[in-house]
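Peer 1: pasting the sequence and the predicted model now:
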Amino acid sequence: DQQVKQNSPSLSVQEGRISILNCDYTNSMFDYFLWYKKYPAEGPTFLISISSIKDKNEDGRFTVFLNKSAKHLSLHIVPSQPGDSAVYFCAASDEGSSNTGKLIFGQGTTLQVKP
Amino acid sequence: DTGVSQNPRHKITKRGQNVTFRCDPISEHNRLYWYRQTLGQGPEFLTYFQNEAQLEKSRLLSDRFSAERPKGSFSTLEIQRTEQGDSAMYLCASRRGLGDTQYFGPGTRLTVL
């Protein structure tokens, strides 16, 4: 069963506009959420995270929103730049009751930012 | 501050051969994870170490797979009698503790012919 889902395989936006990437989860025990960016043939690079006690976290051009009742989170990139073109993964973990903190990933969304 | 390193970056092997990958975590990170990523999918958890103790293994980790972390520093992942279905990117990540970010290495790309 897919506990973390990214339903949009790809997204294309114009440079300077907002990119919104979405992620849904089913496990209500998840309490820590992260976004990673990945280029081909490289490992995932951490972008931003949010704890379930918050509903928003901002870091520069990146903002993550968490809606716990809907079990939904989103990543906003403003303004989008061509260098943001990559695959973006949403990941979640159960930090509160799990002893491992292993990450459960979505399938990824390929973002293309056009100049 | 060096990041997580993995060696080799690429490995091509024939079916039935054994392969071993190495991961060097960020120093002082006592938690280490192995994941596997296949084309079009997100990384999937394989196994977890806290210091030298292997505390969780995914059912994805068949008995052909073994991982170690002697002395709680670097870790190795060995695959015996490789199969074509083992072809994937093998990723290692480390973190200081619960609630801290997991940082990933560049991965080892395995191709089984």
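Peer 2: Thanks, I have it. Residues are numbered from 1 along each chain as shown, chains lettered A, B, ... in the order given.

Peer 1: and residue A:83, how many neighbours does it have?
Peer 2: By the criterion of other Cβ atoms under 10 Å in any protein chain shown, residue A:83 has 8 neighbours. C-beta coordinates here come from the backbone N, C-alpha and C atoms, glycine included.

Peer 1: single out the residue in chain A that lies closest to chain B.
Peer 2: Proximity of chain A to chain B (Cβ to the nearest Cβ) peaks at residue A:105, 3.1 Å away.

Peer 1: how close does the residue nearest the centre of chain B sit to chain A?
Peer 2: Nearest to the geometric centre of chain B sits residue B:34, at 3.5 Å (Cα atoms, centre = their mean). Distance of residue B:34 to chain A, given as Cβ to the nearest Cβ, to the nearest Å: 10 Å.

Peer 1: over to residue B:27?
Peer 2: 18 Å.

Peer 1: ok, and the closest non-adjacent residue to that residue?
Peer 2: residue B:2 (7.7 Å; Cβ to Cβ, 6 or more residues apart in numbering or on different chains).

Peer 1: now do residue B:68
Peer 2: Nearest residue to residue B:68 in three dimensions, chain neighbours excluded: residue B:76, at 5.4 Å (Cβ to Cβ, 6+ apart).

Peer 1: backbone dihedrals for that neighbour, please?
Peer 2: Dihedral angles of residue B:76 (phi, psi; degrees, to the nearest 10) stand at phi -120, psi 150.

Peer 1: re the thing from before, quick check: chain neighbours aside, which residue is closest to the residue nearest to the centre of chain B?
Peer 2: Spatial nearest neighbour of residue B:34, chain neighbours left out: residue B:46 (4.2 Å); criterion: Cβ to Cβ, 6+ apart.

Peer 1: so the one you found sits in a helix?
Peer 2: No. Per DSSP: H, G, I helix; E, B strand; the rest coil, residue B:46 lies outside any helix segment and is strand.

Peer 1: how near is the nearest residue to residue A:26 once chain neighbours are set aside to residue B:73?
Peer 2: What sits nearest to residue A:26 in space, not counting adjacent residues and going by Cβ to Cβ, 6+ apart, is residue A:3, at 5.2 Å. Counting by Cβ to Cβ, to the nearest Å, the gap from residue A:3 to residue B:73 is 32 Å.
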